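> Sequence and computational prediction follow.
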Amino acid sequence: MQTRKWLHSHLFPSPITGNLEVSCFGGESESDSGDLWRVEIDGKDDVWRREQKVRFRHVDTGAYLHSHNKKYSRIAGGQQEVFQNYILLSY
């Protein structure tokens, strides 16, 4: 929220895993379908309740938002890689 950027999917590989890279990109007047995500709620409810698990699925690619504990060493040193994964990981 603070950056005023979109959670954006890129159609090029992420540096660590080689999955589709995700970053903050664009702004209020810059947006495209790379910014569209669907929230999938764990369970049968249509309402996201506190402490209920959710997944974010990219509308165009169908891949899920994912991260891991591996950190960048050179680019954005110390930050985690965020990417899309086509494998559905358990909650």
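Ah, there it is. Numbers count the residues shown, from 1 in each chain.
> Pick out the residue nearest the middle of this protein.
Residue closest to the average C-alpha location in the chain (Cα atoms, centre = their mean): L65, at 3.5 Å.
> Secondary structure element for the residue lying closest to that residue once chain neighbours are set aside, which one?
Once flanking residues are discounted, L65 sits nearest to F56: 4.0 Å by Cβ to Cβ, 6 or more residues apart in numbering. In short, each C-beta sits where N, CA and C put it, glycine included. For F56, the host element (DSSP states H and E) is strand 54-58.
> Which residues does that strand contact?
With contacts defined as Cβ atoms under 8 Å, 6 or more residues apart in numbering, strand 54-58 is touched by 7, 9, 36-42, 48, 63-65, 84, 91.
> how much space between L65 and D45?
20 Å (Cβ to Cβ, to the nearest Å).
> looking at it, D42 is touching Q52, isn't it?
Yes: counting by Cβ atoms under 8 Å, D42 touches Q52, with 5.8 Å between them.
> Tell me the spacing between the residue lying closest to W6 once chain neighbours are set aside and P13.
Nearest residue to W6, sequence neighbours excluded (Cβ to Cβ, 6+ apart): D35, at 3.9 Å. Taking Cβ to Cβ as the measure, D35 falls 19 Å from P13.
> And for W48?
In terms of Cβ to Cβ, W48 sits 31 Å off from P13.
> And V82, by the same measure?
From V82 to P13 the distance is 13 Å (Cβ to Cβ).
> Who has more neighbours out of these two?
V82 (16 against 12; other Cβ atoms under 10 Å).
> hey, what's the more buried one bridged with?
Beta bridges link V82 to S67, judged by DSSP bridges.
> Go through stretch 64-72 and flag the buried ones.
Neighbour counts over stretch 64-72 (16 or more other Cβ atoms under 10 Å) mark 64-66 as buried.
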